[in-house]
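# Just need the structure, nothing else, for what follows:
(chains A and B)
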Amino acid sequence: DAKTTQPNSMESNEEEPVHLPCNHSTISGTDYIHWYRQLPSQGPEYVIHGLTSNVNNRMASLAIAEDRKSSTLILHRATLRDAAVYYCTLLTNRDDKIIFGKGTRLHILP
Amino acid sequence: EADIYQTPRYLVIGTGKKITLECSQTMGHDKMYWYQQDPGMELHLIHYSYGVNSTEKGDLSSESTVSRIRTEHFPLTLESARPSHTSQYLCASSVAAAGADTQYFGPGTRLTVL
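Numbering: from 1, shown residues only, chains lettered A, B, ... in the order given. From the prediction side, this is the model:
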């Protein structure tokens, strides 16, 4: 299975942008990059996904490196409610079982 | 956005009791999943289903069983609860979309077996 590597934890100040990195050096051509996050005491929630081009939605932006071996989830203006564990994972369009790693625990400082 | 419900949210029970954790979704998703997560640890897939009368074991071995008699309902049962079953159990369902399925999670059931 393709694997991802994320920092264990990160800190950011409230109302500042946050860049969460993910390395996936063994990504294959059919792998989509998916991001989920898990707020405290809740189940994970879908954030965003992409294949090659950068993607934007109401929650975040996803910047994908040209060689696709890494990606960055961007929260444009972090709030205290964004404190969560962020998971980066790879899925093909035939996959339906997500392998959640340890993710990055994001702390937001007021 | 999918609506997926789990009951109970919290359950404290004694060793040896039979328990059923309920999971229901109202979006008509064919695929449903159960994950187990210990505090501060990773999620592990323990069961999944592709539709009615379909159930499969996940990557993490579990003594629990599941059933899928109706599309919207995917209960998990422990015949005889033990302290080692203490954990959080998360249910999810998914819909196919461009770029692989997107999973929607319920709020979880936190189980404590004394």
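# what's the neighbour count on the closest residue to chain A within chain B?
Nearest residue of chain B to chain A: B:Phe105, at 3.0 Å (Cβ to the nearest Cβ). In this view, the C-beta of every residue, glycine as well, is placed from N, C-alpha and C. B:Phe105 has 23 neighbours, counted by other Cβ atoms under 10 Å in any protein chain shown.
# Give me the spatial nearest neighbour of it, chain neighbours excluded.
Spatial nearest neighbour of B:Phe105, excluding adjacent residues (Cβ to Cβ, 6 or more residues apart in numbering or on different chains): A:Gly43 at 3.0 Å.
# So the one you found sits against B:Arg110, correct?
No - contact criterion Cβ atoms under 8 Å: A:Gly43 and B:Arg110 do not qualify, at 11.5 Å.
# ok, these two, which is more surrounded?
For A:Gly43 versus B:Arg110, the count of surrounding residues by other Cβ under 10 Å is larger for A:Gly43: 22 against 17.
# Which neighbours in the sheet does the worst-scoring helix or strand of chain B on mean pLDDT have, and how are they oriented?
Here the helix or strand of chain B ranked lowest by mean pLDDT, DSSP states H and E is strand B:102-105, holding a mean of 90. Partners of strand B:102-105 in the sheet, by DSSP bridges, are strand B:87-95 (antiparallel).
# in what helix or strand does whichever residue of chain A sits closest to chain B lie?
Of all residues in chain A, the one sitting closest to chain B is A:Gly43 (3.0 Å; Cβ to the nearest Cβ). Using DSSP states H and E, A:Gly43 sits within no helix or strand.
# Contact partners for it?
Residues near A:Gly43 by Cβ atoms under 8 Å, 6 or more residues apart in numbering or on different chains: B:Leu90, B:Cys91, B:Ala92, B:Phe105, B:Gly106, B:Pro107, B:Gly108.
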